[in-house]
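A.B. asks: Sequence plus the predicted model coming up.
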Amino acid sequence: MGLFPQVLTTVRSLCEARLGDRKGLLELAPEFELGNLERLAAGDKLLKLAKARAEHADECVAHDATVLEAMSGGALSGSALELAAGQRHQLVCTLLQDCLTVLHNAAGISEALPTVGLAAADAAEAGAAAAAAAAGVAPALRSGAEAGAEDASLRELPPPPGPCEIVVETWAGGKGRPAESSAADSPTVAPLSEAVAAPDPLSQFAAWFAEAAAVSGGVPSEGQAVTLATSTPGGFPSARVVLLKQVDERGFVFFTNMRSRKGRELRRNPRAALMVHWPHTDPPRCVRVEGPVESLTPEESDAYFASRSRGSQVGAWASDQSTSLEGGRAALEASLAEAEARFAGGAEVPRPPHWGGVRVVPTAVEFWSNGASRLHDRLRFERQAGAGLAGGDEARADANMRSAAWRVSRLAP
């Protein structure tokens, strides 16, 4: 691959920008320094490296752990080393994709860019589901041993360190809760400023949620719709709309099938972002949340599952969410019929072991309020070091949003 020097310089600058400066590049991803880039770019080695990262993610993370351990002189170990290795793998995948995009445009790499995404375990999982469908077996109703084998390659989300107070609940017995005031007597939605903002993002969110509910006449019957974004370890994002069911002192809660695409991505890369949009308020508002995720306790997931309609409960067993339905709609209906037969006679429908609640524990929350002439108000709360999760997983027990220290900054619209 013959490349002009300025192209490689552009690539290196892009890598440095990802890390903030050249020192960060040398410490975390030295293979992307200019001299190394010249060697990697020759013979499409970057493309081969990207494919290796895409197809052998677990082996690459293990290799990164060895490299980081050696670089730290043994100072990194245990869970801290595992976390750092996963972060380095994600960083390298992102840099590879950036580099390949630039080089592809500049030099015309003939081969399609690889997708550094779901690991081979996902392909095996999808293959097992397809084989079961072909054999006439409902995937969601396979034995516990088979289901356990499917999940063996995926880590579990960390459990919460303890109970917490629910601040906003968008479901009660599966139904929405009425607003405490009507649209007629709801307060005027004021512009957002540092002077009027709450001292923590939990209180600010609760206030905005109450105002949005008052304007619309109540909380939506099924819960507050939010966009949830997840990512593969390689940094490839995906997004979908889920229902926010509650907000508590630790974070923002939704429920899902953990074998779904979002469930697999969260278990391989346990961080997420979500956004709620209230276009009906005046002015319209958005809230953006970023942070690591944790599971709800089995008891909390059981309590919500029991509040769902029986049809939704059975449906959770019938659908192997996000897998390919080789038999089309008929295969889904056959799986539902089998699940209904399994729980016929009014028997209680238990919660599937692969289904439960997930909490996004915020390290950053942004509040956006529409302004005239694009002069929007944007206030970003960032958790400070030593306050909850800002210091890493070891500080998870101190993740209460109200007691954490937050830095509030105004962002340009």
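C.D. replies: Looks like it came in fine.
A.B. asks: Pull the number of nearby residues for Ser369.
C.D. replies: The local packing of Ser369 (other Cβ atoms under 10 Å) involves 21 other residues. C-betas here are computed from N, CA, C, even on glycine.
A.B. asks: List the contacts of it.
C.D. replies: Ser369 is in contact with Pro191, Leu192, Pro283, Pro284, Arg285, His376, Asp377, Arg378, counting by Cβ atoms under 8 Å, 6 or more residues apart in numbering.
A.B. asks: Who does it form a beta bridge with?
C.D. replies: Arg285, Asp377 (DSSP bridges).
A.B. asks: what's the spacing between it and His277?
C.D. replies: Using Cβ to Cβ, to the nearest Å, one obtains 12 Å as the distance from Ser369 to His277.
A.B. asks: Next, show the common contact partners of these two.
C.D. replies: With Cβ under 8 Å, 6+ apart as the test, Ser369 and His277 both reach Pro284, Arg285.
A.B. asks: Buried members of the contacts of Ser369 into ChimeraX, please.
C.D. replies: Buried members of the contacts of Ser369, defined by 16 or more other Cβ atoms under 10 Å, are picked up in ChimeraX with:
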select :192,283,285,376,377,378
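A.B. asks: In terms of secondary structure, what does the helix or strand containing Ala272 contact?
C.D. replies: Ala272 belongs to strand 271-278 when elements are defined using DSSP states H and E. Contacts defined by 3 or more Cβ pairs under 8 Å, 6 or more residues apart in numbering; DSSP states H and E place strand 271-278 against helix 201-216, strand 224-231, strand 237-244, strand 285-295, strand 355-360.
A.B. asks: Tell me which of those is the most buried.
C.D. replies: Ranked by mean neighbour count, the helices and strands packed on strand 271-278 are led by strand 355-360 with a mean of 23 (mean count of other Cβ atoms under 10 Å).
A.B. asks: how big is the angle separating that strand from strand 271-278?
C.D. replies: 80 degrees (axes from the mean of the first three to the mean of the last three Cα atoms, to 10 degrees).
A.B. asks: re earlier: for Glu169, state which of the contacts of Ser369 is nearest.
C.D. replies: For those, the minimum distance to Glu169 (Cβ to Cβ) is 20.1 Å, reached by Arg285.
A.B. asks: Might one say that that closest one is in contact with His376?
C.D. replies: No: taking contacts as Cβ atoms under 8 Å, Arg285 lies outside contact range of His376: 9.9 Å.
A.B. asks: Give the residues shared as contacts by those two.
C.D. replies: Trp368, Ser369, Asn370.
A.B. asks: Between these, which sits nearest Pro298?
C.D. replies: In terms of Cβ to Cβ, no member of these lies closer to Pro298 than Trp368, at 35.7 Å.
A.B. asks: how near is the closest residue to the closest one other than its chain neighbours to Leu76?
C.D. replies: Of all residues not flanking Trp368 in the chain, Cys286 sits nearest, at 4.2 Å (Cβ to Cβ, 6 or more residues apart in numbering). For Cys286, the distance to Leu76 (Cβ to Cβ) stands at 38 Å.
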